[in-house]
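Colleague: Here is a sequence with its predicted model. Questions after.
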Amino acid sequence: MNKSILRIGTRGSPLALAQARETRDRLLAAHGWQHDAIEIVVIRTTGDMIQDRALSEAGGKGLFTKELDIALADHAIDLAVHSAKDLPTVMPDGIAVPGYLPREDVRDVLITRAGGDLHSLPQGAVVGSASLRRQAQVRKVRPDLQVRLLRGNVQTRLAKVQAGDFDATLLALAGLKRLGLGHLAMTILDKDQFLPAVGQGAVAIAVRREDDATQQAISLVLDPATGSALACERAFLTLLDGSCRTPIAGHAVLHDRHLDFRGLVLTPDGAESVETFASGPVGDATRLGEEAARDLLSRAPQHVLAAFRAV
Ligand SMILES: NCc1[nH]cc(CCC(=O)O)c1CC(=O)O
């Protein structure tokens with residue numbers, strides 16, 4: 001056997017490392033390989049170095065993937081593991097995303113010191129989030145709350161709530177579970193009231209487009225149901241999202257061979273929102289997401305879409 005069969009590239013955050021290890025462990029189990037057949041290579045990205053402003057202002061999602069794309073192209077790694085939520089809709093030339101690990105729970109959770117849901121927070125309480133989608137959905141439910149920028153990895157955000165700098169924050173349940181923090185005190189937010197981000201809870205694997213050997217090797221751990229849901233969600237986002245400056249949510253669920261998709265755009269203050277639904281056979285995943293996006297573009301008022309048109 002070769003000394004190191006596959007090299008997995010990842011960011012160095014605890015969540016990124018957990019996702020890379022899950023990918024490694026699934027590959028080792030699926031192939032019956034020895035532990036040393038896969039090496040994890042940590043790569044620092046521009047997104048990891050920016051802590052002081054919203055990433056949407058600093059240049060968007062590619063900030064978390066660029067250095068990993070370069071490492072793939074340079075043959076420094078064979079696959080890169082990403083949170084699907086942080087993946088740009090268009091990958092650079094030569095890089096492909098053949099699929100995803102089985103999806104974790106897609107829901108958001110609310111973390112507070114006292115426990116409880118958004119309605120239980122006192123008037124004017126301070127909620128921290130870096131996500132325009134979460135900020136807008138919080139303001140929609142509770143316009144009286146103060147929503148402030150809170151960046152950093154999951155542990156940093158939890159610590160800021162614990163320290164009293166913020167009364168609450170919102171996080172993906174998937175990330176907490178993958179970090180082994182699924183037992184923390186939290187309130188799980190209903191998907192109908194708090195629609196997740198496109199790709200939330202899914203781990204994407206990127207490879208060199210021409211690297212058939214690696215694509216063959218990872219095919220054993222990819223989940224087709226997650227792939228179909230993500231094809232629909234990402235088609236929706238691709239037509240709508242020129243930037244990540246617009247609060248946007250979208251989620252597809254597969255029942256048997258049938259996909260149900262729901263999409264949402266909001267104004268940043270949450271005062272207005274437009275929703276869309278699409279449903280059809282799983283083979284039409286991409287078309288369903290595109291149809292949902294066109295429906296929103298045709299029905300949403302001009303000012304709600306202003307951020308899309310600006311780019
Ligand atoms: N933008 C950061 C990010 N990217 C993916 C996750 C969580 C894991 C997931 O959604 O799969 C998080 C943290 C969070 O939103 O709580």
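Modeller: All right, it came through fine. Numbering: from 1, shown residues only.
Colleague: By mean pLDDT, flag the weakest helix or strand of this protein.
Modeller: helix 55-58 (a mean of 55; mean pLDDT, DSSP states H and E).
Colleague: ok, and for the helix or strand that it is followed by, which residues are buried?
Modeller: Downstream of helix 55-58, the first helix or strand assigned by DSSP states H and E is helix 66-73. Buried residues in helix 66-73, counting neighbours by 16 or more other Cβ atoms under 10 Å, are found at K66, E67, L68, D69, I70, A71, L72. Quick note: C-beta positions are derived from backbone N, CA and C, even for glycine.
Colleague: Just the CA coordinates for helix 66-73, please, in PDB.
Modeller: Output of helix 66-73 as PDB, limited to C-alpha atoms (Å, rounded to 0.1, in the frame of the first residue of the first chain):
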ATOM      1  CA  LYS A  66      -9.500  30.100  -1.700                       C
ATOM      2  CA  GLU A  67      -6.400  28.800   0.000                       C
ATOM      3  CA  LEU A  68      -7.800  25.300   0.000                       C
ATOM      4  CA  ASP A  69      -8.600  25.600  -3.700                       C
ATOM      5  CA  ILE A  70      -5.000  26.600  -4.400                       C
ATOM      6  CA  ALA A  71      -3.700  23.700  -2.300                       C
ATOM      7  CA  LEU A  72      -5.800  21.300  -4.400                       C
ATOM      8  CA  ALA A  73      -4.600  22.800  -7.700                       C
END
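Colleague: Distance check, the residue nearest the centre of the chain against the ligand.
Modeller: The residue lying closest to the centre of the chain (Cα atoms, centre = their mean) is K85, at 1.8 Å. K85 sits 5 Å away from the ligand, going by Cβ to the nearest ligand atom, to the nearest Å.
Colleague: cool, and T156?
Modeller: From T156 to the ligand the distance is 11 Å (Cβ to the nearest ligand atom).
Colleague: Show me what the helix or strand harbouring that residue is packed up against.
Modeller: T156 is part of helix 154-162 when elements are defined by DSSP H and E. Packing partners of helix 154-162 (3 or more Cβ pairs under 8 Å, 6 or more residues apart in numbering; DSSP states H and E): helix 14-31, strand 108-112, strand 126-128, strand 168-172.
Colleague: Now for the residue nearest to the centre of the chain: which residues touch it?
Modeller: By Cβ atoms under 8 Å, 6 or more residues apart in numbering, K85 lies in contact with A172, A197, V198, G199, Q200, A202.
Colleague: what about the closest residue to it other than its chain neighbours, how many neighbours?
Modeller: Leaving aside its sequence neighbours, K85 sits nearest to G199 (Cβ to Cβ, 6 or more residues apart in numbering; 4.2 Å). Here the count is done by other Cβ atoms under 10 Å, and G199 has 26 residues near it.
Colleague: Kindly check the end-to-end length of stretch 201-212 for me.
Modeller: End-to-end distance of stretch 201-212 (Cα to Cα, to the nearest Å): 27 Å.
Colleague: Does L189 touch D108 like I think?
Modeller: Yes: in this structure L189 lies within contact range of D108 using Cβ atoms under 8 Å: 4.8 Å.
Colleague: joint contacts of these two?
Modeller: Joint contacts of L189 and D108 (Cβ under 8 Å, 6+ apart) are L170.
Colleague: follow-up on the earlier one: highest neighbour count among the contacts of K85?
Modeller: V198 (29 neighbours).
Colleague: ok, back up a step: where's the residue nearest to K85 relative to the ligand, distance?
Modeller: 7 Å.
Colleague: ok, now which ones touch that residue?
Modeller: So G199 contacts S83, A84, K85, D86, L87, L230, E233, R234 (Cβ under 8 Å, 6+ apart).
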